[in-house]
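Undergrad: Need a 3D model of the following:
(chains A, B, C and D)
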Protein chains: 2
Amino acid sequence: MQIRPTIVDIARELNLHPSTVSRALTGQGRVGEATKDLVFKKAVELGYNCNQVASSLRKGITDTVGMVVPLINRLFFSNVISGAESVLNPAGYNLVVCQTHDRKEDETRVIRNLLRNQVAGMIVSHSLETTNPELLQTVASNGVALVQFDRAFEDLTGTCVVNDNFGGAYAATKHLLENGYTRIGHLGGEFNANVYADRLAGYKKALEEAGIEYDESIIFDHSISRDKGFYNMAKALEKKCDALYCAGDYAALGVMEYARHNNIRIPEDFGVVGTANEIFAELINPSLTSVEQNARDIGILAAEAFLSMREDKAPVKKKIVVPMKLIVRGSAKRN
Amino acid sequence: MQIRPTIVDIARELNLHPSTVSRALTGQGRVGEATKDLVFKKAVELGYNCNQVASSLRKGITDTVGMVVPLINRLFFSNVISGAESVLNPAGYNLVVCQTHDRKEDETRVIRNLLRNQVAGMIVSHSLETTNPELLQTVASNGVALVQFDRAFEDLTGTCVVNDNFGGAYAATKHLLENGYTRIGHLGGEFNANVYADRLAGYKKALEEAGIEYDESIIFDHSISRDKGFYNMAKALEKKCDALYCAGDYAALGVMEYARHNNIRIPEDFGVVGTANEIFAELINPSLTSVEQNARDIGILAAEAFLSMREDKAPVKKKIVVPMKLIVRGSAKRN
DNA sequence: GCAAGTTGCGCAAACGTTTGTATTTTTGCG
DNA sequence: CGCAAAAATACAAACGTTTGCGCAACTTGC
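TA: The predicted model follows:
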């Protein structure tokens, strides 16, 4: 464990003042070309590495942005993280990733922690337990650039990046209608969350346009898991459904499993459309038609939004809507 | 954007010295119970939040650990990250996640960056392009706790956490043998990387024990993608193979696709075993027998290794081997 | 040839905390 | 009550950088 050299060491060796060395290295302020060269040479000679911690303290701001997600290893979120990282890291920012396990308590802990670390910004998809944006508002008003994505409180300062869940659900439902299904149910999530509320609304709109009356008895909430899909498929059949639009692919998977076990043919007898376009959607049989979530794009857009907030330093309030694309496969194709 | 209060503000309001406030808040050193209470009360009253940056500068070490992976959104890695985060965050550490895209250049950039940020440790799975552990050795000898996982240079200072790739491949190959397949080929990865070299070795060992001669003409390298699986399945058939052990599930998927297109029945005519136990393995038809990579465990173990290195501060050199489990499904079951 | 401007660099304070040492206050006990 | 020991607090320096200010030296223009 060697001792790491500082600008003071460089300054001493070159008979310069530390401030001059600093200016030479950062390129801020006036320094002669000749001395600039000397400093650079000496820096590599000594193996100098700038101490970002000291720099951050002095500058009052770090080059870190916090990323707060429910669960890192959910494909959607890991794609968002990956996208954001690939923008932020080359731009000189570090991404600190924290997971909330969808618990308010963990969320509070990690956000406090990020604040202590003086992050320049946060990119957040809040936990399902969070119904009150108070803490996030504190973040924003503390001069920390706030970008929310996917699950978002839209009236907070800062930028939101969300999918067009309404449009995606609308397209999915319309696809089912176009394929001749007439009694279409919906497996949804937590309808308090904007994501699922919007999907429900898109579903409703498509039915309305087709002149089909909305029937609450074939709407199932908290139903995005595989188990719930399986379980609620039975209920949907009791209610004479001939198709389901699912707010998640795992639910659609459960639906298809129930169908197989009960000799219901998909898509001939029953139509299914999922949401998220998980990897397995194209691999199962029949392949699953699904609404694509543009996870990576969302990460990139969120990171870019952060960068532009840093630049103009104005407390913006903006909403970016990313279109969702229906990936048509076999699970709801009858003509 | 309000101004954040510091310990100096608290000290001023209570007519104390900042150092006393610091000791009260951190619990280090002797402070009267009464004043300790006063300080805590005032701290919440003012909404005080410790400035970790200043603290880190003074202490010469941060509470950050860097995580360097090829690609964040690959399921294996996101699981490792998630596991590591769930240990480190509650322990008071932050996880900075960086991806190398399997490029040496990116790896060098992110590691330098982490060093500048004075991280307390790094948890690294090096890029495929990295053949020379020089930079990582520098990291370790700079007093940064180094934990390598999955892909690892074993002679470096620090801890390695790796799967028992040898054992996993051995079990997979043996499973094929036990099901009566006799001419078993291997779709491997980059044989320079320890991961793939070990899998090849385990495969060889199982054949050897069964008295089957090793035939290099049915070993395919750089073959862990779906396309390569599809492509090399054709070659394997030309060479009269009746089974393949694949070092990745995507390759196995390609193999199965080729089989379907050519009316080769799995498992009756041809056996396949994959590696990684990706989500789709149980969802496809027939379901894919696969060797499980304990990604989450690896993350947890790596994080714990880091924590214990921090505690004893001794430059350990240790190797932790995580057993791999064969998940038996349908793709190689004949009896 | 001299004022005005420009360039290169040194000086010192500051960012907010921690910590070794010094000083004051309190406590305990004979 | 007095004195030593212990407890509580104050002081000041330090971590490594950045940055406003100022001064000298040099360049430019007329």
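
Undergrad: okay, and for chain A, where does confidence drop off?
TA: A:1-2, A:313-315 (pLDDT under 70).

Undergrad: again, only this time at 80
TA: A:1-3, A:312-317, A:335 (pLDDT under 80).

Undergrad: Run through the strands of it in chain order.
TA: Along chain A, the segments classed as strands by DSSP state E run A:64-69, A:94-99, A:121-124, A:145-149, A:158-163, A:184-187, A:219-220, A:243-246, A:271-276, A:289-292, A:317-322, A:325-327.

Undergrad: which one of those lies closest to chain B?
TA: Smallest distance to chain B across the strands of chain A (C-beta to the nearest C-beta): 4.7 Å, for strand A:94-99. The C-beta positions use only the backbone N, C-alpha and C, and glycine is treated the same way.

Undergrad: that older thread, from the strands of chain A, which stretch is densest packed?
TA: Neighbour counts (mean count of other C-beta atoms under 10 Å in any protein chain shown) averaged over each of the strands of chain A peak at strand A:243-246, with a mean of 31.

Undergrad: now for that one, which elements pack on it?
TA: Helices and strands touching strand A:243-246, by 3 or more C-beta pairs under 8 Å, 6 or more residues apart in numbering or on different chains; DSSP states H and E, are helix A:165-178, strand A:184-187, helix A:226-238, helix A:249-261, strand A:271-276.

Undergrad: So what's the residue count around A:N15?
TA: 6 (other C-beta atoms under 10 Å in any protein chain shown).

Undergrad: ok, now the one 3 residues further on?
TA: A:P18 is surrounded by 14 other residues when neighbours are defined as other C-beta under 10 Å.

Undergrad: Skipping adjacent residues, who's closest to it in space?
TA: Closest residue to A:P18 apart from its sequence neighbours, by C-beta to C-beta, 6 or more residues apart in numbering or on different chains: A:A11 at 4.4 Å.

Undergrad: And that neighbour, how close does it get to DNA strand D?
TA: Applying C-beta to the nearest atom of the strand, to the nearest Å, the value for A:A11 to DNA strand D is 9 Å.

Undergrad: Mind checking the helices and strands packed on strand A:243-246 for the one nearest to chain B?
TA: Comparing these under C-beta to the nearest C-beta, the one sitting nearest is helix A:249-261, at 7.0 Å.

Undergrad: State the phi and psi torsions of the closest residue to A:D150 other than its chain neighbours.
TA: Spatial nearest neighbour of A:D150, excluding adjacent residues (C-beta to C-beta, 6+ apart): A:S125 at 4.5 Å. The phi/psi pair for A:S125 (degrees, to the nearest 10) reads phi -120, psi 110.

Undergrad: do the same with A:G60
TA: phi 80, psi 10.

Undergrad: Which residue, other than its chain neighbours, is closest to it?
TA: A:Q118 (7.7 Å).

Undergrad: what do you get for A:K228?
TA: A:A251 (6.1 Å).

Undergrad: what's the answer for A:R112, then?
TA: B:N49 (7.2 Å).

Undergrad: can you count the residues close to that neighbour?
TA: A count of nearby residues for B:N49, using other C-beta under 10 Å, gives 17.

Undergrad: Just list whatever residues bridge to the residue nearest to A:G158 when sequence neighbours are not counted.
TA: Nearest residue to A:G158, sequence neighbours excluded (C-beta to C-beta, 6+ apart): A:L146, at 3.5 Å. Beta bridges link A:L146 to A:M122 when assigned by DSSP bridges.

Undergrad: Against A:I111, how distant is A:L146?
TA: 10 Å (C-beta to C-beta, to the nearest Å).

Undergrad: shared neighbours of those two, which are they?
TA: Shared contacts of A:L146 and A:I111 (C-beta atoms under 8 Å, 6 or more residues apart in numbering or on different chains): A:M122, A:V124, A:L136, A:V139.

Undergrad: ok, now which ones touch the third one?
TA: If you count contacts by C-beta under 8 Å, 6+ apart, A:L136 has them with A:I111, A:V124, A:H126, A:L146, A:Q148, A:F153, A:L156.

Undergrad: again, only using 10 Å
TA: A:68, A:107, A:111, A:122, A:124, A:126, A:130, A:144, A:146, A:148, A:152-153, A:156-158 (C-beta atoms under 10 Å, 6 or more residues apart in numbering or on different chains).

Undergrad: What parts of the stretch 51-200 of chain A come near DNA strand D?
TA: A:N51, A:A54, A:S55, A:L57, A:R58, A:K59 (C-beta under 7 Å from any atom of the strand).

Undergrad: Out of these, which sit inside helices?
TA: Secondary structure assignment by DSSP state H places A:A54, A:S55, A:L57, A:R58, A:K59 of those in helices.

Undergrad: if I look at the closest residue in space to A:D249 that isn't next to it in sequence, how far off is A:L200?
TA: Excluding its sequence neighbours, the residue lying closest to A:D249 (C-beta to C-beta, 6+ apart) is A:G274, at 3.9 Å. Applying C-beta to C-beta, the value for A:G274 to A:L200 is 15 Å.

Undergrad: One more: A:A210?
TA: 16 Å.

Undergrad: Of these two, give the one with the bigger neighbour count.
TA: A:L200 (22 against 14).

Undergrad: Would you check how far apart that one and DNA strand C are?
TA: Taking C-beta to the nearest atom of the strand, one finds A:L200 at 46 Å from DNA strand C.

Undergrad: A:F153: what's it in contact with?
TA: A:V124, A:H126, A:T130, A:T131, A:N132, A:P133, A:E134, A:L136, A:Q137, A:L146, A:C160, A:N194.

Undergrad: list the contacts for the fourth one?
TA: The contact partners of A:T131, by C-beta under 10 Å, 6+ apart, come to A:K104, A:F153, A:N192, A:A193.

Undergrad: Chain neighbours aside, what residue packs nearest to A:A252?
TA: A:G274 (3.4 Å).

Undergrad: The one you found contacts A:S223, correct?
TA: No. Using C-beta atoms under 10 Å, A:G274 makes no contact with A:S223, being 12.0 Å away.

Undergrad: Need the residues touching each of the two.
TA: A:L187, A:G229, A:L244, A:C246, A:A247, A:G248, A:Y250, A:A251, A:V255.

Undergrad: For the third one, which non-adjacent residue is closest in space?
TA: If the residues on either side of it in the chain are set aside, A:L244 comes closest to A:G185, at 4.9 Å by C-beta to C-beta, 6+ apart.

Undergrad: Would you check that the one you found makes contact with A:Y214?
TA: No. Using C-beta under 10 Å, A:G185 makes no contact with A:Y214, being 11.1 Å away.

Undergrad: joint contacts of those two?
TA: A:Y203.

Undergrad: gap between A:V87 and DNA strand C?
TA: 29 Å.

Undergrad: close enough to count as contact, that residue and A:I298?
TA: No. If you go by C-beta under 10 Å, A:V87 and A:I298 don't touch, sitting 11.5 Å apart.

Undergrad: picking up where we left off before, now, the most widely separated pair of the contacts of A:L136?
TA: Farthest-apart pair in the contacts of A:L136 is A:E107 and A:T157; separation 18.3 Å (C-beta to C-beta).

Undergrad: Neighbour count for the two, which is higher?
TA: Using other C-beta under 10 Å, the more surrounded residue of A:E107 and A:T157 is A:E107, with 23 against 15.

Undergrad: for the closest residue in space to the more buried one that isn't next to it in sequence, what are its contacts?
TA: Among residues not flanking A:E107 along the chain, A:T100 sits closest, at 4.1 Å (C-beta to C-beta, 6+ apart). For A:T100, the contact set (C-beta under 10 Å, 6+ apart) comprises A:68-71, A:106-111, A:124-130.

Undergrad: can you check A:R112 too?
TA: Contacts of A:R112 (C-beta under 10 Å, 6+ apart): A:L135, A:T138, A:V139, B:N49, B:C50.
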